[in-house]
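S.K.: I would like the atomic coordinates for the input below:
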Amino acid sequence: MRNQYYFLAASLEDVSWGHGTTRGTLEDLIEYLNEGLAPEDAAALKQLFLFNDMRNAVSLNDPDSTFVTPSCYDREALLEAAQGDAAVLPFLLEYFEGARRSAGDGEKSLPIDELSLLFYDRIDDISDPFVRDYFVRELNMRNLTIALSRESQGFPYRERLVPRGDAYTAIMSGSPPDFGLSADYPFVEDLIRVFRTTDLTAQEELIEKVRWQWLDDRVSSEFFSTDFILSYVIKYQSVERWQTLSEEKGDELFGELLNSLRRSVRFSLEFSDVGDKQNDGRTSNRDQQ
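M.R.: Have a look, this model is predicted:
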């Protein structure tokens, strides 16, 4: 059974996003959550940002690069991994081993595309089921949206796909406009419609809406579980991104997230027996792991 974080999850409602109050950063949120998460869940939270580690690994020896955070590993850990001396996920060790061989051939680094393939080839090394499912979902959605958007505009798409995952297999064997994926992805028709326009904002909003729906479905009624916390962080990152793009749109998404949390927490308080849950509070009422 997944760990339960009743007070930790409920405390997130208190942040009045979209109402003119001061908002913390994503890294502030992560720091706060780490204080109350069990070690295995804190590790899962860090792994949500493995794509930042990929960017950092590729540019590790570039003095002009900026180390991207949040990340699963710090710079020191990646530098040690580059020498084969750190306990990082196997796909990174494989990448650095290949990079060392390439350096002997005069190449500075291997492309991030190769690192991405290693990541998906070793996806089962990620032990947390939510994190693993999330990355698989993102892979399939990436391939699906690339194929739909480029095909709708008359551009070739096959060479742009990541050659991994169920969606890739279906796209390569299927036919436009939906590649036979409507049954597995009921929102395909909506994507086809929006990709036939030139409204990039509407396209991004629909992709985000589909992502949030997947997160809600994945969490289901487990409003205080590890999955809820991880889903919340992904949504928070999304909202922060939209905030930088558009103050008005960011406020709207913050409000939607807050309202969603209020509904979820209210429902669970009314219909759940919380007496058996392991509890946590914002300051002194931490979860007893």
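S.K.: OK, contacts around L118?
M.R.: Contact partners of L118, counting by C-beta atoms under 8 Å, 6 or more residues apart in numbering, are F91, E94, Y95. Every residue, glycine included, has its C-beta placed from N, CA and C.
S.K.: Which of those residues ranks first by neighbour count?
M.R.: Y95 (26 neighbours; other C-beta atoms under 10 Å).
S.K.: How many neighbouring residues does the residue nearest to that one when sequence neighbours are not counted have?
M.R.: The shortest distance from Y95 to any non-neighbouring residue, by C-beta to C-beta, 6 or more residues apart in numbering, is to L115 (4.9 Å). When counting by other C-beta under 10 Å, one arrives at 23 neighbours for L115.
S.K.: And L115, what's its pLDDT?
M.R.: pLDDT for L115: 93.
S.K.: Over to G275?
M.R.: 41.
S.K.: Kindly report the same for the one 10 residues further on.
M.R.: Per-residue confidence for N285 comes out at a pLDDT of 36.
S.K.: Next: the one 3 residues further on.
M.R.: With respect to pLDDT, Q288 scores 39.
S.K.: that's a strand at the residue nearest to Y95, yeah?
M.R.: No - according to DSSP: H, G, I helix; E, B strand; the rest coil, L115 belongs to no strand; its state is helix.
S.K.: quick one: contacts for it?
M.R.: So, once contact is read as C-beta under 8 Å, 6+ apart, L115 ends up touching M54, A57, V58, F91, L92, Y95.
S.K.: Most widely separated two among those residues?
M.R.: Farthest pair in these (C-beta to C-beta) is V58 and F91. Separation: 13.0 Å.
S.K.: circling back to that earlier point, inside helices: which ones of the contacts of L115?
M.R.: Using DSSP state H, the members of the contacts of L115 that fall in helices are M54, A57, V58, F91, L92, Y95.
S.K.: Format those as a markdown table; extra columns: pLDDT and distance to G165.
M.R.: Converted to a markdown table, the ones in helices among the contacts of L115 look like this (pLDDT from 0 to 100; distance: C-beta to C-beta, whole Å):
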| residue | pLDDT | distance to G165 |
| --- | --- | --- |
| M54 | 96 | 17 |
| A57 | 95 | 22 |
| V58 | 93 | 22 |
| F91 | 96 | 16 |
| L92 | 95 | 20 |
| Y95 | 93 | 19 |
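S.K.: low-confidence ranges in this protein?
M.R.: Counting by pLDDT under 70, the ranges of the chain that qualify are 13-23, 104-110, 245-289.
S.K.: Same list, the contacts of L115, but as JSON lines with distance to Y185 please.
M.R.: Formatted as JSON lines, these follow (distance: C-beta to C-beta, whole Å):
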{"residue": "M54", "distance to Y185": "26"}
{"residue": "A57", "distance to Y185": "31"}
{"residue": "V58", "distance to Y185": "31"}
{"residue": "F91", "distance to Y185": "27"}
{"residue": "L92", "distance to Y185": "31"}
{"residue": "Y95", "distance to Y185": "31"}
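S.K.: No further queries at this time; thank you.
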